[in-house]
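**Student:** Quick one, structure for this:
(2 chains)
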Amino acid sequence: MPVGFHRKCGLGWVFALALIIVGSMNSGVGRSAAQDAVRRNKGVSLTASPNNELTFAIKVSEAVSPEVEFVFKNGRQQDSTINLGMMLANGETMFPSAVVLTDTDAAGKTRRLKLEPGYVAGRVDDLLVPLRKGSSYSMRFPLSEFSDLSTGGRSTPLSPGKHRFQARLVSETVRHLNSGSEDARLLKVWAGTLQSEVVDCEVPSPAM
Amino acid sequence: MSTTLQRQSRLFALAAITLAVVLIRPLASRDAAQAQSEPPSTTELDGLTLHVSGAWVGRSAQPSLAIEISNESDRDISLNLGMVVGMNHCMYPTAIKVIITDASGKTRTYRIPDMRLAGRADDYLVPLRRGGSYRLGLALSDLRADSFDFPAPSPASGKCQAVVELESGPRRCLNSGTEGMRVVDLWTGKLLSESTEIEIPGRKPLIFK
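**Tutor:** Purely as a prediction, here's the structure:
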């Protein structure tokens, strides 16, 4: 009796474990396939990854000179402010330099792209974006405006073919304190990292 | 005796009329000057556009307005949408007005109320890069009528037309330690959205049968 009972218990545990493993494998495959289908059907890729209910999504248009769009959304139940980078000349020019875009081409070569000024001579302020609960903020720019960090800041055109993009925002508290605005450091700014999901994009060959 | 009284009363009447004219005329001329100096609201100004649509948001699906401000110009622009309190803790887009016309044709203006607070307030500054947009939702339950009527009137239930007006102005909240922030250029002007139809649900009865 005790031997049969133990054998039955052991078999039960093995069966349950097998069920859990098969279930998790199936759900993972199904999810990625569904995401791929959505990407293929849309033409323009849109993904979002939740991180403490603040989300960051990127869109990349499929063109010879693609455009990138960053979309930040506050799904939290409280208002939040994020720091996207810097503003020059009293807010005349804005650079989301806190976002780094990673581009991987079909050959597996990876580039790190960033939108930042060539040189700075003058006042710099933080690019603080207040996000009321439920609100969203988007920025759009041509990919040619980004500088390639691996080539010392020079911009290189995208090679035709498949590309894989992912963006990462590192939001920090106020960094640029100017005379007369020292108390800006007291402002509450969300500090953390937001990462978008991977977006696939096919860059067509330029027409001859 | 009576003649003296009549003369005195005439003099008083004349003085009262003169005083009234002297006091009222500058007010009237100031109103006229304000009316002349205020730029008219437009749906597109300096490449900025304002759009509004009805939406249902939140867990309880309360009626809201989705407002989107887009910068289609070729330069970066910063807007002042109102004020933030508690060092960015709570944001109040008080520069946005919602003009609602109900089915009977009655028009009222609503807005997020100014907070009566004791503490620090800062401006609600939104930097809009060229090609960028800012989208925020306003729950109708958060809006208050822009009038002194008591109790504050709420929009009548049924189908209504809503128009949103944004008046971005210069900095209003300058605190000690952030005086230098006034040098940041802000766009000043008025933007008006196109009209959109929204449906305001009727109030729930207090007693359910």
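**Student:** domain parsing for chain B?
**Tutor:** Structurally, chain B divides into domains by automatic domain parsing as follows: B:1-38, B:44-200.
**Student:** Please list the residues of chain A that sit near chain B.
**Tutor:** Residues of chain A lying close to chain B (Cβ under 8 Å from any Cβ of the partner chain) are A:78-81, A:87, A:90-94, A:96, A:123, A:125, A:127-130, A:132, A:134-141, A:178-184, A:186-189. For the C-beta atoms, the positions are set from N, CA and C on the backbone; glycine is no exception.
**Student:** about what we covered before: so which of the domains of chain B is the most packed in?
**Tutor:** For the domains of chain B, the largest average neighbour count (mean count of other Cβ atoms under 10 Å in any protein chain shown) is found in domain B:44-200, namely a mean of 17.
**Student:** End to end on that one, go ahead and measure it.
**Tutor:** From its first residue to its last, domain B:44-200 covers 28 Å (Cα to Cα, to the nearest Å).
**Student:** coming back round to it: show the buried residues in the residues of chain A next to chain B.
**Tutor:** Neighbour counting by 16 or more other Cβ atoms under 10 Å in any protein chain shown classes A:79-81, A:87, A:90-91, A:94, A:96, A:123, A:125, A:127-130, A:132, A:134-141, A:181, A:183-184, A:187, A:189 among the residues of chain A next to chain B as buried.
**Student:** which element is the spatially closest residue to residue B:102 that is not a sequence neighbour on?
**Tutor:** By the measure of Cβ to Cβ, 6 or more residues apart in numbering or on different chains, the closest residue to residue B:102 outside its immediate chain neighbours is residue B:156, 4.3 Å from it. Under DSSP states H and E, no helix or strand contains residue B:156.
**Student:** Looks like residue B:156 contacts residue B:200 (just checking).
**Tutor:** Yes: the pair residue B:156 / residue B:200 is scored as a contact, 7.1 Å apart, by Cβ atoms under 8 Å.
**Student:** Can you give me the domain boundaries for chain A?
**Tutor:** Domain segmentation of chain A under automatic domain parsing yields A:1-42, A:49-203.
**Student:** Contact partners for residue A:183?
**Tutor:** Applying Cβ atoms under 8 Å, 6 or more residues apart in numbering or on different chains to residue A:183 gives the contacts B:175-178.
**Student:** For the longest strand along chain A, which helices and strands make contact with it?
**Tutor:** Ranked by residue count under DSSP state E, the longest strand found in chain A is strand A:161-171. Counting contacts by 3 or more Cβ pairs under 8 Å, 6 or more residues apart in numbering or on different chains; DSSP states H and E, the secondary-structure elements packed against strand A:161-171 are strand A:54-60, strand A:67-74, strand A:80-88, strand A:99-105, strand A:192-195, strand A:199-203.
**Student:** Next, the contact list for the one residue in chain B that gets nearest to chain A, please.
**Tutor:** Nearest residue of chain B to chain A (Cβ to the nearest Cβ) works out as residue B:180 at 2.1 Å. Taking Cβ under 8 Å, 6+ apart as the criterion, residue B:180 is in contact with A:178-181.
**Student:** wait, is it part of a helix?
**Tutor:** Yes: under DSSP: H, G, I helix; E, B strand; the rest coil, residue B:180 falls within a helix.
**Student:** Against residue A:187, how distant is it?
**Tutor:** Between residue B:180 and residue A:187 the computed distance is 14 Å (Cβ to Cβ, to the nearest Å).
**Student:** And the pLDDT for residue 148?
**Tutor:** I'll assume chain A. pLDDT recorded at residue A:148 is 87.
**Student:** try again with chain B
**Tutor:** 68.
**Student:** Also the one 10 residues further on?
**Tutor:** Per-residue confidence (pLDDT) for residue B:158: 82.
**Student:** Also residue A:72?
**Tutor:** With respect to pLDDT, residue A:72 scores 96.
**Student:** Could I get the phi/psi values of the nearest residue to it once chain neighbours are set aside?
**Tutor:** For residue A:72, ignoring the flanking residues on the chain, the nearest one in space by Cβ to Cβ, 6+ apart is residue A:137 at 4.9 Å. Reported as degrees, to the nearest 10, the phi and psi values for residue A:137 are phi -140, psi 130.
**Student:** wait, residue A:137 sits on residue B:132?
**Tutor:** Yes: Residue A:137 is in contact with residue B:132 according to Cβ under 8 Å; the separation is 7.2 Å.
**Student:** For residue B:122, give me its contacts.
**Tutor:** Residue B:122 makes contact with A:187, B:83-85, B:87-88, B:173, B:175, B:178, according to Cβ under 8 Å, 6+ apart.
**Student:** do that again at 6 Å, thanks
**Tutor:** Contact analysis of residue B:122 by Cβ atoms under 6 Å, 6 or more residues apart in numbering or on different chains lists B:84, B:173.
**Student:** ok, what's across the strand from it?
**Tutor:** Judged by DSSP bridges, the bridge partners of residue B:122 are residue B:84.
**Student:** One more: residue A:55?
**Tutor:** residue A:50, residue A:73.
**Student:** Could you measure from it over to residue A:97?
**Tutor:** As defined by Cβ to Cβ, residue A:55 lies at a distance of 21 Å from residue A:97.
**Student:** In terms of neighbours, single out the busier of the two.
**Tutor:** The residue with more neighbours, out of residue A:55 and residue A:97, is residue A:55; 20 against 15, by other Cβ atoms under 10 Å in any protein chain shown.
**Student:** Any regions of chain A where pLDDT drops low?
**Tutor:** The model of chain A has pLDDT under 70 over residues A:1-52, A:153-154, A:207-208.
**Student:** give me every residue that touches the residue of it found nearest chain B.
**Tutor:** Chain A approaches chain B most closely through residue A:180 (2.1 Å), counting by Cβ to the nearest Cβ. The neighbours of residue A:180, taking Cβ under 6 Å, 6+ apart as the test, are B:179-180.
**Student:** Could you show which parts of chain B are in contact with chain A?
**Tutor:** B:76, B:78, B:87-88, B:90-91, B:127, B:129, B:131-137, B:177-181, B:183-185 (Cβ under 6 Å from any Cβ of the partner chain).
**Student:** circling back to that earlier point, touching, the residue nearest to residue B:102 and residue B:101? I think so.
**Tutor:** No: taking contacts as Cβ atoms under 6 Å, residue B:156 lies outside contact range of residue B:101: 10.2 Å.
**Student:** Relative to residue A:55, how far out is residue A:197?
**Tutor:** Noted for residue A:197: a distance of 10 Å to residue A:55, by Cβ to Cβ.
**Student:** Next up, phi/psi of residue B:7, please.
**Tutor:** phi -60, psi -40.
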